[in-house]
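Trainee: I would like to see how this sequence folds:
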Amino acid sequence: MNWDNVKHFIATARAGSLTQAAQALHTSPATLSRRIAALERDCGTTLFTRTHTGYLLTREGQALLERCEAIDDAFSSLARLVPLSQHGAQGVVRLATSENLAVHIVLPAVPRLVRAHPHLSLEVMVGAPTTPLREREVDMAVRLSMPASGNFKGRAIGLMAHAIYASCGAQPIDRGLLGWTTDCENTPIALAALRHAPEQSSRWRFNSLQAQVAAAQAGLGLAYLPCFLGDATPGLVRVQGPEGLLAQRIYLVLHNDSIETPRVRTVADFTIQVFQDAADRLAGRGAA
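Mentor: Sure thing, here's the model as predicted:
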């Protein structure tokens with residue numbers, strides 16, 4: 001059995017789509033289809049049911065996937081134990097976090113990491129860092145909660161305070177708090193803003209912090225923002241907080257079996273130090 005064919009099978013099973021799996025593997029759907037067909041010939045059975053909505057595992061395919069994933073995880077763990085060369089920490093480490101934490105906290109400090117570890121590379125995936133961590137698309141994540149389940153280890157590395165900001169230049173159109181769209185109304189920041197001023201909601205609603213920032217700059221209303229973001233934004237002035245407003249712990253979460261891998265440990269230590277250095281900014285006590 002060709003292990004490369006197995007890896008293509010695993011990717012297709014996880015994606016449920018030939019096109020998406022091919023994109024993730026940087027290959028063509030035609031090549032991926034041929035590899036799956038070859039694996040099915042080797043196994044003597046059909047592994048997928050092809051439908052107009054995607055590739056669905058057959059019972060035999062599901063049984064093979066469970067066995068192959070266990071082997072794949074074992075190979076991954078073994079690879080992480082391979083000793084490094086004389087250059088020390090090297091290779092690629094993938095980190096997932098929110099765009100605002102990446103842009104304002106992590107990335108400005110990366111040159112320091114590069115100077116100390118020239119053979120190390122960092123890939124930053126911005127957006128919701130939950131799914132990539134569970135599917136091992138990333139090595140670690142900086143997020144505002146610990147996963148409810150899974151083989152993860154994490155620690156609190158900071159506290160993110162919030163305050164209310166207004167435009168210091170534009171003529172206010174609305175003095176209410178800018179709102180959140182329906183798909184975001186149950187997020188901690190949206191709920192905190194609603195509890196703070198249930199009768200003072202603005203008629204303007206958005207689904208991102210960057211949009212809230214731009215709307216506040218334009219004078220469309222008051223924005224309930226993380227202090228590190230509001231304090232660093234030209235044209236905004238803090239009008240209330242952070243005392244009495246939302247404060248969230250920031251966590252660094254890693255796969256439990258990779259925490260002692262030198263390249264991962266190096267970036268983890270770097271990330272912890274970066275957030276310790278930014279503690280005052282995160283807490284709304286001014287620039288560090």
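Trainee: what are the ranges of the helices in the stretch 51-200 of the chain?
Mentor: 59-80, 99-101, 110-116, 130-134, 188-196 (DSSP state H, counting those that start in this stretch).
Trainee: the shortest one - what's its average pLDDT?
Mentor: So the one you mean is helix 99-101. Mean per-residue pLDDT for helix 99-101: 93.
Trainee: quick one: list the elements packing against that helix.
Mentor: Applying 3 or more Cβ pairs under 8 Å, 6 or more residues apart in numbering; DSSP states H and E, we find helix 99-101 packed against helix 209-217. (Glycine included, C-beta is placed from N, CA and C.)
Trainee: which residues touch the residue nearest to residue 8 when sequence neighbours are not counted?
Mentor: Leaving aside its chain neighbours, residue 8 sits nearest to residue 35 (4.3 Å; criterion: Cβ to Cβ, 6 or more residues apart in numbering). Taking Cβ atoms under 8 Å, 6 or more residues apart in numbering as the contact definition, residue 35 lies against 2, 4, 5, 8, 9.
Trainee: so which helix or strand takes in the last one?
Mentor: Looking back up the chat, that one is residue 9. Here residue 9, judged by DSSP states H and E, is contained in helix 3-15.
Trainee: can you tell me the closest non-neighbouring residue to residue 16?
Mentor: That would be residue 54: by Cβ to Cβ, 6+ apart, it lies 4.5 Å from residue 16.
Trainee: separation between the one you found and residue 184?
Mentor: 28 Å (Cβ to Cβ, to the nearest Å).
Trainee: next, residue 251: phi, psi?
Mentor: When read as degrees, to the nearest 10, the backbone of residue 251 gives phi -120, psi 140.
Trainee: tell me who's in contact with it.
Mentor: 142, 143, 144, 145, 146, 154, 155, 156, 157.
Trainee: cool, and residue 233?
Mentor: Residue 233 neighbours (Cβ under 8 Å, 6+ apart): 165, 213, 217, 225.
Trainee: quick check, residue 240 in contact with residue 163.
Mentor: Yes: counting by Cβ atoms under 8 Å, residue 240 does reach residue 163; the two are 6.3 Å apart.
Trainee: which of the two has more neighbours?
Mentor: Using other Cβ atoms under 10 Å, the more surrounded residue of residue 240 and residue 163 is residue 163, with 23 against 15.
Trainee: one step back: quickly check the contacts of residue 233 for the two that are furthest apart.
Mentor: 217 and 225 (11.3 Å; Cβ to Cβ).
Trainee: before we move on, back to that, show me which of the contacts of residue 251 are buried.
Mentor: Among the contacts of residue 251, the ones that count as buried by 16 or more other Cβ atoms under 10 Å are 142, 143, 144, 154, 157.
Trainee: sec struct for the nearest residue to the fourth one once chain neighbours are set aside, please.
Mentor: Once flanking residues are discounted, residue 154 sits nearest to residue 253: 3.9 Å by Cβ to Cβ, 6+ apart. Reduced to three states with DSSP: H, G, I helix; E, B strand; the rest coil, the structure at residue 253 is strand.
Trainee: domain ranges for this protein?
Mentor: The record's domain parsing of the chain by automatic domain parsing lists 3-80, 87-288.
Trainee: hey, least reliable of those by pLDDT?
Mentor: domain 3-80 (a mean of 84).
Trainee: starting at the chain centroid, how far to that domain?
Mentor: 25 Å (Cα atoms, centre = their mean, to the nearest Å).
Trainee: most remote residue from the chain's center?
Mentor: residue 44 (39.7 Å; Cα atoms, centre = their mean).
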